[in-house]
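Colleague: Curious how this folds, go ahead:
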Amino acid sequence: MNMRPTDSNTSRRQLLVASTMGLAGFRFGTPGLVTAAGVDPVSKAATDVVTGGRAKSTILFFLCGGSSHIDMWDLKPNAPREYRGEFSPIATRSAGLSISEHLPRLARVGHHLAVVRSIRGTVNTNDHHAGYYYNLTGHVPDPTFLTLGNDRRPMPDDWPYMGTVCGSRRPRHPDLPNAVSLPIKPSKLPYTRPGQFAARLGVEHDPLYVLADRDKPMIFQAPALTLEGDGMTAQRLLTRDKMLESIDSARRDFESVSKVRTWSKLQDQAMRLLSGGGATKAFDLSAELPATIERYGKTINGMSLLVARRLVEAGVPFVTVFWAENDERIDKKCKSGGGWDTHGNNFACLKEDLLPEFDRGFSALIEDLEHRGMLDETLLVVTSEMGRKPRVGDPRSGGEYGAGRDHWTHCQSVVLAGGGIKGGQAYGTTDKYGEYPAEKPVTPAHIAHTVYHAMGIKDLEATDKDGRTFNLLAEGRPLEELF
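Modeller: Numbers count the residues shown, from 1 in each chain. Next up is the predicted model:
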């Protein structure tokens with residue numbers, strides 16, 4: 001990662017970004033609304049995780065756009081053609097699990113996979129905004145998602161992203177934030193997706209966003225780790241006078257919405273990021289073998305998964321990889337925004353573009369972690385904001401002729417592996433069309449609790465700014481049957 005100098009104004013901005021709140025924190029309101037059980041979550045972390053699950057870290061791979069459960073994980077070969085589509089299931093290495101024929105590499109590691117097929121994540125808007133929120137936090141979206149639609153911004157009293165909850169319960173990493181998200185921040189401004197921030201947990205627990213360019217997939221940069229301007233180095237920036245000048249000036253700028261406790265934590269995180277060698281080393285892929293890079297696939301998504309492996313190897317508790325959308329070629333071909341929102345040409349887009357890249361990268365991550373002896377202590381989760389409508393033919397893209405699948409929040413699948421998960425199994429079933437859960441219906445809250453369980457996190461109590469105690473996720477339970 002290049003280290004380049006900057007002017008003083010940019011320094012302040014980058015120090016703020018270094019504090020992991022990105023562009024979200026102070027914009028949306030007063031930070032630090034909640035602390036766990038009325039104390040610093042970091043100091044409490046050690047007692048929370050000693051007797052829990054096996055997972056030291058979690059990598060969550062979020063397939064932005066709404067991936068098709070019925071074409072990937074829950075195929076219906078006996079349904080009418082207008083539902084089952086063009087793909088067939090194939091057996092995996094485990095007799096108890098079948099998946100799409102276009103995921104052959106994952107079929108070979110099927111003995112590691114647990115597919116939860118009976119997730120009902122219904123939201124009254126049936127859209128991306130609410131789907132993100134429900135699947136990232138485990139909480140049903142409030143009525144403002146219906147009244148505001150895509151204008152519904154992240155708010156300071158939103159429920160926190162499960163990744164920030166996990167990070168807040170772990171001991172503080174010496175060089176990096178406890179939650180890192182890459183290679184994008186969904187979605188394009190001003191339509192930032194709610195649910196991906198710490199929100200009421202406090203901006204000091206927000207993820208660090210590390211960004212990459214589709215055309216330069218080997219380069220990952222966090223604004224806090226890139227200094228610009230003549231003669232400025234990380235060491236010079238960290239001199240006492242310069243740091244105090246930057247911090248004091250920035251504190252005055254944001255005095256109306258900042259608290260001293262929160263500001264001290266943000267300042268400390270900025271110092272650790274800019275001074276810790278591990279902060280840049282984790283994102284440097286030059287040390288990786290060419291064969292490893294080739295195995296993951298030299299794409300922005302494949303390299304993001306490789307960086308995720310490096311981050312958990314460095315001890316980061318929670319890493320989120322958001323599938324990078326905005327591929328103009330796929331957007332035009334699939335009417336999809338460049339991702340998994342396949343409103344048109346669903347089968348060709350999956351077969352020719354999305355599934356091969358996903359199959360290659362995610363299977364490589366599983367094999368790589370297993371080879372390094374890290375799979376049992378690293379939980380992997382693949383999810384999305386929704387499934388796709390089982391009946392083929394989105395009226396917005398030519399109906400049956402357009403061969404697309406519309407939004408469908410009423411049913412989706414989530415895949416888990418590692419972290420103590422027993423692979424080679426499918427949990428729950430759907431009806432004969434794949435439209436609704438049938439046996440063992442669950443919700444995104446159950447998935448969030450399962451992540452907490454795998455990470456050994458049992459205490460979900462928190463207190464609000466008035467000292468009132470509440471539960472960060474009262475709904476649902478962990479799916480202990482998967483372990």
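Colleague: which SS state does residue 125 fall under?
Modeller: Secondary structure for residue 125, judged by DSSP: H, G, I helix; E, B strand; the rest coil, is coil.
Colleague: Could you give the number of residues near it?
Modeller: Using other C-beta atoms under 10 Å, residue 125 is surrounded by 18 other residues. Placement of C-beta: from N, CA and C, glycine included.
Colleague: where exactly do the helices run in the stretch 1-150 of the chain?
Modeller: Assigned by DSSP state H, counting those that start in this stretch, the stretch 1-150 of the chain shows helices spanning 8-16, 41-49, 69-72, 81-84, 104-108, 128-137, 144-148.
Colleague: who does the last one touch, helix- and strand-wise?
Modeller: What it means is helix 144-148. Applying 3 or more C-beta pairs under 8 Å, 6 or more residues apart in numbering; DSSP states H and E, one finds that helix 144-148 contacts helix 128-137.
Colleague: can you tell me which residues contact residue 385?
Modeller: By C-beta atoms under 8 Å, 6 or more residues apart in numbering, residue 385 lies in contact with 62, 64, 65, 66, 128, 131, 132, 134, 135, 409.
Colleague: what do you get for residue 188?
Modeller: Counting by C-beta under 8 Å, 6+ apart, residue 188 touches residue 326.
Colleague: and what of residue 374?
Modeller: Going by C-beta under 8 Å, 6+ apart, residue 374 touches 309, 312, 313.
Colleague: mind running it again at 10 Å?
Modeller: Contacts for residue 374 (C-beta atoms under 10 Å, 6 or more residues apart in numbering) come out as 56, 57, 309, 312, 313, 368, 418.
Colleague: for the stretch 51-200 of the chain, which spans come out with low pLDDT?
Modeller: Within the stretch 51-200 of the chain, the stretches with pLDDT under 70 are 51-52.
Colleague: can you pull out the helices in the stretch 151-300 of the chain?
Modeller: Going by DSSP H, counting those that start in this stretch, the stretch 151-300 of the chain shows helices at 162-168, 234-237, 240-253, 260-275, 277-281, 290-296, 300-313.
Colleague: Which helix or strand lies directly C-terminal to the last one?
Modeller: Note on helix 300-313: by DSSP states H and E, the next helix or strand toward the C-terminus is strand 318-322.
Colleague: So which elements touch that next one?
Modeller: strand 57-62, helix 162-168, strand 179-182, helix 300-313, helix 355-371, strand 378-383 (3 or more C-beta pairs under 10 Å, 6 or more residues apart in numbering; DSSP states H and E).
Colleague: Columns distance to residue 73 and mean neighbour count on top of the ones you listed, output as JSON lines?
Modeller: Listed next are those as JSON lines, based on distance: least, C-beta to C-beta, whole Å; neighbours: other C-beta atoms under 10 Å:
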{"stretch": "strand 57-62", "distance to residue 73": "13", "mean neighbour count": "25"}
{"stretch": "helix 162-168", "distance to residue 73": "21", "mean neighbour count": "30"}
{"stretch": "strand 179-182", "distance to residue 73": "24", "mean neighbour count": "28"}
{"stretch": "helix 300-313", "distance to residue 73": "18", "mean neighbour count": "24"}
{"stretch": "helix 355-371", "distance to residue 73": "12", "mean neighbour count": "20"}
{"stretch": "strand 378-383", "distance to residue 73": "9", "mean neighbour count": "25"}
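Colleague: Could you dump those into TSV and include distance to residue 349?
Modeller: Converted to TSV, these look like this (distance: least, C-beta to C-beta, whole Å):
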stretch	distance to residue 349
strand 57-62	18
helix 162-168	28
strand 179-182	24
helix 300-313	15
helix 355-371	9
strand 378-383	18
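Colleague: so which of those comes closest to residue 460?
Modeller: Comparison of the helices and strands packed on strand 318-322 against residue 460 by C-beta to C-beta identifies helix 162-168 as nearest, at 7.4 Å.
Colleague: now residue 57: how far from residue 455?
Modeller: Per C-beta to C-beta, to the nearest Å, residue 57 is found 8 Å from residue 455.
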